[in-house]
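Engineer: When you get a sec, could you give me coordinates for this:
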Amino acid sequence: MAREQFQTLTEPMYYILLALTEECCGVDIMEQVRIISNERVKVGPGTLYAMLSKFEENGVIQKTAEDGRRKSYIITERGRQMLREEHNRLKTMVRDGEDRLNC
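Structural biologist: Predicted structure coming up:
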């Protein structure tokens, strides 16, 4: 099951899924990750295409179009749920840190 394999998401995984809340192709995903993260996270082609393959294999994303080498993807409902769970986990961690660090 996808959630077991992706129990927690790495930062690039998280941003790739955020980018795929709108349909886009590989080059656009890399650009969206850069924009969404305010240029803090950059995903290279090797990382991106390895993750897209794993995500698609596990039903986290689905291919929406293929034109030669250009393939477009979008997040599935399973992927959205996984992304929401990770988002909530991260918010909980921030709250825990704020409580302990008196922020």
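Engineer: Would you state the strands of the protein in chain order?
Structural biologist: Assigned by DSSP state E, the strands in the chain fall at 24-25, 61-67, 70-75.
Engineer: between these, which one is nearest to residue 84?
Structural biologist: strand 70-75 (10.8 Å; CB to CB). The way it works is simple: take the backbone N, C-alpha and C, and place the C-beta from them, glycine included.
Engineer: got a list of contacts for the closest one?
Structural biologist: Residues from elsewhere that reach strand 70-75, judged by CB atoms under 8 Å, 6 or more residues apart in numbering: 17, 20-26, 29, 52, 55-56, 60-66, 83.
Engineer: Buried among the residues you listed? Make that a PyMOL selection.
Structural biologist: Those of the contacts of strand 70-75 that count as buried under 16 or more other CB atoms under 10 Å are selected in PyMOL with:
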select buried, resi 17+20+24+25+26+29+52+55+56+60+61+62+83
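Engineer: Run a quick neighbour tally on the closest residue to residue 47 other than its chain neighbours.
Structural biologist: Leaving aside its chain neighbours, residue 47 sits nearest to residue 12 (5.9 Å; criterion: CB to CB, 6 or more residues apart in numbering). Using other CB atoms under 10 Å, residue 12 has 17 neighbouring residues.
Engineer: No further questions, thank you.
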